[in-house]
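**Student:** Here is my input; please provide its structure:
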Amino acid sequence: MRLTRYTDYALRTLIYVGLHEPEQSSIAAIARAYGISENHLTKVVHQLGRLGLIRTIRGRGGGLRLAMPPGEIVVGAVVRQTEDDLALVECFGDGACAITAPCRLRRVLGEALAAFLAVLDRYTLADLLGSPDGDAIAALLGLAGPPGGEPPMPAGAAGLPEA
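**Tutor:** Numbers count the residues shown, from 1 in each chain. Take a look at the predicted model:
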């Protein structure tokens with residue numbers, strides 16, 4: 001099973017925004033933290049907003065916030081909602097295969113896909129944000145620091161010499 005980049009970005013966006021709560025996040029900051037395209041991320045954030053997972057606040061002082069508690073955002077549901085096609089093989093979709101009727105491969109792969117999604121359904125965003133892993137991720141994304149405070153400036157930023 002391989003997830004699309006779109007789903008990957010959706011999950012990473014939710015992780016970033018969840019770790020940055022209660023502060024608002026921005027598309028630019030998320031794109032910078034992960035080294036990904038703002039254009040692609042804008043499309044992802046738009047869909048996450050339409051799905052009711054992220055609340056977008058427009059205008060000066062705007063940004064992104066989670067639209068619900070992290071414990072209510074189920075990883076499996078996010079994957080189902082952001083993947084265009086979970087058809088592992090042609091016969092899962094509209095494709096035709098000469099051996100579809102008697103083929104056991106379709107059933108085996110269907111079972112494997114169901115198991116994959118069942119595992120993802122056991123986890124929520126809160127599980128992904130939990131310490132100590134959440135703290136380590138926040139530090140890597142430049143979000144570590146005192147609660148409610150500004151994230152620390154990386155060394156060498158704003159013209160300051162590196163330590």
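**Student:** now what about whichever strand or helix holds K43, what contacts it?
**Tutor:** Counting by DSSP states H and E, the element that carries K43 is helix 38-50. Residues outside helix 38-50 that contact it (C-beta atoms under 8 Å, 6 or more residues apart in numbering): 5-6, 9-10, 13-14, 27-28, 30-31, 54-56, 64, 67, 81-82. Yep, even glycine has a C-beta here, placed from its N, CA and C like the rest.
**Student:** Can you show me the strands along the chain?
**Tutor:** Using DSSP state E, the strands found in the chain span residues 54-57, 63-66.
**Student:** helices or strands up against the last one?
**Tutor:** Under the contact criterion of 3 or more C-beta pairs under 8 Å, 6 or more residues apart in numbering; DSSP states H and E, strand 63-66 touches helix 5-20, strand 54-57.
**Student:** Among these, show me which one is buried the most.
**Tutor:** Each of the helices and strands packed on strand 63-66 was scored by mean neighbour count; the highest is helix 5-20, a mean of 20, by mean count of other C-beta atoms under 10 Å.
**Student:** For it, give the mean pLDDT please.
**Tutor:** The average pLDDT within helix 5-20 is 96.
**Student:** list the buried ones in stretch 122-135?
**Tutor:** By neighbour count on 16 or more other C-beta atoms under 10 Å, the buried set for stretch 122-135 is T124, L125, L128, L129, G134.
**Student:** can you list the weak-confidence ranges in the chain?
**Tutor:** 88-95, 145-163 (pLDDT under 70).
**Student:** ok, which stretches of it are helices?
**Tutor:** Using DSSP state H, the helices found in the chain span residues 5-20, 27-34, 38-50, 75-82, 105-121, 125-129, 133-140.
**Student:** Please dump these into a markdown table; it should also carry distance to C97 for every row.
**Tutor:** A markdown table is the format used below for those (distance: least, C-beta to C-beta, whole Å):
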| stretch | distance to C97 |
| --- | --- |
| helix 5-20 | 26 |
| helix 27-34 | 38 |
| helix 38-50 | 31 |
| helix 75-82 | 24 |
| helix 105-121 | 8 |
| helix 125-129 | 37 |
| helix 133-140 | 42 |
